[in-house]
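[1] Whatever this is, show me its structure:
(chains A and B)
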Amino acid sequence: MTLRLFNTLTGQMDDLVPSDGQALRMYACGPTVYDYGHIGNFRTFLQVDVLRRTLKLMGMKLQHVMNITDVDDKIIRNSTAAGIPISEYTPRYVDAFFEDLDALRVERPEQIARATENIDRMVALIQKLADAKAAYQTEDGSWYFRLSAFPEYGKLSKKDLSGMEDGARVDVDEYEKDSARDFALWKAAKPGETAWDAPIGRGRPGWHIECSAMSMAYLGDSFDLHAGGEDLMFPHHENEIAQSETVTHKPLAHHWMHVRFLLVDGRKMAKSEGNFYTLRDLLLRGYKASAIRLALISVPYRHQLNFTFDGLTEATHAIERLRTFRERLAKGAFAAGSNPAMKDAAEKAHTDYMAALANDLNTAEARAPIFDLVRTANTAIDQGQLLAEDRDAILAVLRAFDAVFDVIEDRDAEPTRRAIAWAQQTGRAADIAPELLARQSLSDEAIDTLVAERTLAKKQRNFARADQIRNELAEKGVILEDSKDGVRWKRK
RNA sequence: GGCGCGGUACCCAAGUGGUAAGGGAGAGGUCUGCAAAACCUUUAUGCGCCGGUUCGAUCCCGGCCCGCGCCUCCA
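    Predicted coordinates for the structure are as follows:
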């Protein structure tokens, strides 16, 4: 099975296949670690995760590199304000980033590339650009890329910059540059700023050169796929192409994938808009990591996603439906044998599911056959028509679903527990929803004890006491379900 | 201004030239001591508006209205 994926560069759907016949070599732009990640960041990383997992489910091997930008203007600004060197400032945000990825079940790339560990490679690339007359140094010691050296500039974002007038009063602060659009490759050190000594002078790398140097170092001059948020298309990715292809004369990446933005209440998320949420904000409000994951991946990557709290609630309920269903299959007793109708239903669901993913990662379309199967199978179970082999076939379909979506298996307790601990340790305890704390107040053992007491009360037909216990548990966010096979409880 | 995307039921959302997946929510019912879960029924002759092409358009073409994103750091 082959994934058809929209390619920004060609403007059409192209098959995504490893050009070396072995593993798909892909580079995805990672975070700049100057603060905690927000849900917009994570939508992009989640969609790249969907891509990764889909390719793996199709049997493809991956060589996926993600950079971490651990030196840039914002980092320097913030670390200076905090009065500590960037080497002490960034680790906490690097750790937080990976913790958040874990909470959201985002798989780690095969290779993490840190900017500060690849400075030599960036310097070497700038020297090659200088040799090619595509880079020049200004009076203050900074290096810039000469846009006029790369006629194809704009081919990714389809921008025609030929009409832009050089030397126009576009950017008075950058009067030293030959052209207003020329971008920085190397920023000369200013007093007190983090800097590296290099043959091209003391300074630090520009953002764009990082990705060019690291992607080529880990994946070769020309690789299969480059991914990132839509905002990176211009100028970041365009600049990467210019830097790399000027030196190699080969396409940097054959395929470019851009994840569209997440909006909040119909607007781009921004601190100044007051609609800015980190993952931790949502966890502390009591939303489950799985619900956040599902909400952020259920709208296909090529569409804007309008984030709302209603959407999270909806995702919570949808996951609950799937989990309840799987538990019913796993714990129920089914007679041996196979029901041809159910076998067909399971096969069809699997086929449709895979086809939807193969069609440009259409996650919304991929969900539908799974929920169809849930309803069909539930009905069959109600009528005693579902047999043991059918159960196994359906469980296999659910595993294929979770291989990409990864929300049925309940791993929500840990991220929530960690978020609460983090809030308490960093003086943000006030941000923890009271309801969430109430929910945490009962141990599993305490719940089991109360459930047992209620079961006894029911047996003695003391329904008043039984209902009282059920209500008490409900107030603590524990929901009970009676069935022939006993009582199931779950945390809200 | 340039480039691009979207407007489908109460909400989210898929989709196709032949009459609308799925999820959530609501209503009624079955089951249950009562609930919960599950199942059944139900909620768009309708897919922003106006023209056109066509035997037939939500899906193709043109125009218009509305919303959003990028064009500067930004996932």
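[2] Walk me through the domains of chain A.
    A:3-259, A:267-404, A:441-491 (automatic domain parsing).
[3] how about these in TSV, adding mean neighbour count, mean pLDDT and distance to residue A:430?
    Quick note: C-beta positions are derived from backbone N, CA and C, even for glycine. Formatted as TSV, the domains of chain A follow (neighbours: other CB atoms under 10 Å; pLDDT from 0 to 100; distance: least, CB to CB, whole Å):
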stretch	mean neighbour count	mean pLDDT	distance to residue A:430
domain A:3-259	19	92	17
domain A:267-404	17	95	10
domain A:441-491	14	93	18
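[4] Nearest to RNA strand B, out of those?
    Across the domains of chain A, RNA strand B has its closest neighbour in domain A:3-259 (1.4 Å, CB to the nearest atom of the strand).
[5] on that earlier part again, adding distance to residue A:431, write the domains of chain A out as a markdown table.
    Supplementary listing: the domains of chain A in a markdown table, determined by distance: least, CB to CB, whole Å:
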| stretch | distance to residue A:431 |
| --- | --- |
| domain A:3-259 | 12 |
| domain A:267-404 | 5 |
| domain A:441-491 | 18 |
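[6] and of these, who's closest to residue A:435?
    In terms of CB to CB, the element of the domains of chain A nearest to residue A:435 is domain A:267-404, at 5.8 Å.
[7] and the longest helix for chain A?
    Criterion DSSP state H: the longest helix present in chain A is helix A:309-331.
[8] about what we covered before: reformat the domains of chain A as JSON lines; add distance to RNA strand B.
    JSON lines is the format used below for those (distance: least, CB to the nearest atom of the strand, whole Å):
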{"stretch": "domain A:3-259", "distance to RNA strand B": "1"}
{"stretch": "domain A:267-404", "distance to RNA strand B": "3"}
{"stretch": "domain A:441-491", "distance to RNA strand B": "3"}
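[9] So for residue A:424, which of the ones you listed sits nearest?
    Using CB to CB, the domains of chain A put domain A:267-404 closest to residue A:424, at 10.4 Å.
[10] roughly how far out does that closest one sit from the chain middle?
    The chain centre lies 18 Å from the centre of domain A:267-404; the measure is CA atoms, centre = their mean, to the nearest Å.
[11] Now do the end-to-end distance for it.
    Using CA to CA, to the nearest Å, the end-to-end distance of domain A:267-404 comes out at 28 Å.
[12] ok, back up a step: which helices and strands does the longest helix of chain A pack with?
    Where contact means 3 or more CB pairs under 8 Å, 6 or more residues apart in numbering; DSSP states H and E, helix A:309-331 is packed against helix A:289-297, helix A:363-382, helix A:388-404, strand A:486-491.
[13] List the contacts of it.
    A:282, A:287-288, A:290-292, A:294-295, A:298, A:370-371, A:374, A:377-378, A:381, A:391, A:394-395, A:398, A:401, A:407-408, A:410, A:485, A:488, A:490 (CB atoms under 8 Å, 6 or more residues apart in numbering).
[14] so residue A:242 sits right up against residue A:153, yeah?
    Yes - the pair residue A:242 / residue A:153 is scored as a contact, 5.4 Å apart, by CB atoms under 8 Å.
[15] joint contacts of those two?
    Joint contacts of residue A:242 and residue A:153 (CB under 8 Å, 6+ apart) are residue A:147.
[16] helix, strand or coil for residue A:256?
    Look at residue A:256: counting by DSSP: H, G, I helix; E, B strand; the rest coil, its state is strand.
[17] Now do the strands in the stretch 51-200 of chain A.
    Taking DSSP state E, counting those that start in this stretch, the strands of the stretch 51-200 of chain A run over residues A:61-68, A:111-114, A:135-137, A:143-145, A:184-188.
[18] can I get those in TSV with distance to residue A:214?
    Below are the strands of the stretch 51-200 of chain A laid out as TSV (distance: least, CB to CB, whole Å):
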stretch	distance to residue A:214
strand A:61-68	5
strand A:111-114	4
strand A:135-137	18
strand A:143-145	17
strand A:184-188	14
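[19] Can you tell me which of the ones you listed is nearest to residue A:346?
    Of the strands of the stretch 51-200 of chain A, the one closest to residue A:346 (CB to CB) turns out to be strand A:61-68, at 27.6 Å.
[20] Pull the CA coordinates from the closest one and hand them back as PDB.
    Extracted in PDB, the C-alpha atoms of strand A:61-68 (Å, rounded to 0.1, in the frame of the first residue of the first chain):
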ATOM      1  CA  LYS A  61      11.000   1.900   7.300                       C
ATOM      2  CA  LEU A  62      11.800   5.400   8.400                       C
ATOM      3  CA  GLN A  63      14.700   7.600   9.000                       C
ATOM      4  CA  HIS A  64      13.100  10.600  10.600                       C
ATOM      5  CA  VAL A  65      15.200  13.600  11.800                       C
ATOM      6  CA  MET A  66      13.800  16.400  13.900                       C
ATOM      7  CA  ASN A  67      15.800  19.400  14.900                       C
ATOM      8  CA  ILE A  68      15.700  21.200  18.200                       C
END
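[21] partner strands of that strand, parallel or antiparallel?
    strand A:23-28 (parallel), strand A:111-114 (parallel) (DSSP bridges).
[22] Other residues contacting the longest one?
    Outside of strand A:23-28, the residues that reach it under the criterion CB under 8 Å, 6+ apart are A:16-19, A:45, A:48, A:55, A:60-67, A:109, A:211, A:214-215, A:218-220, A:223-228, A:253.
[23] you'd agree residue A:458 is up against residue A:466?
    Yes - Residue A:458 is within contact range of residue A:466, at 4.7 Å (criterion: CB under 8 Å).
[24] residue contacts, the residue nearest to residue A:372 when sequence neighbours are not counted?
    Distances taken as CB to CB, 6 or more residues apart in numbering put residue A:349 closest to residue A:372, at 6.4 Å, once the chain neighbours are dropped. Residues near residue A:349 by CB under 8 Å, 6+ apart: A:369, A:370, A:372, A:373, A:397.
[25] Over to residue A:490?
    Contacts of residue A:490 by CB under 8 Å, 6+ apart are A:320, A:323, A:478, A:479, A:481.
[26] ok, which pair from those residues is furthest apart?
    Checking the contacts of residue A:490 with CB to CB, the most distant pair is A:323 and A:478, at 15.2 Å.
[27] how about the helices of the stretch 151-300 of chain A, start to end?
    Assigned by DSSP state H, counting those that start in this stretch, the stretch 151-300 of chain A shows helices spanning A:207-219, A:238-248, A:279-284, A:289-297.
[28] Make TSV out of those and add distance to residue A:91.
    Shown next, in TSV, are the helices of the stretch 151-300 of chain A (distance: least, CB to CB, whole Å):
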stretch	distance to residue A:91
helix A:207-219	18
helix A:238-248	26
helix A:279-284	17
helix A:289-297	23
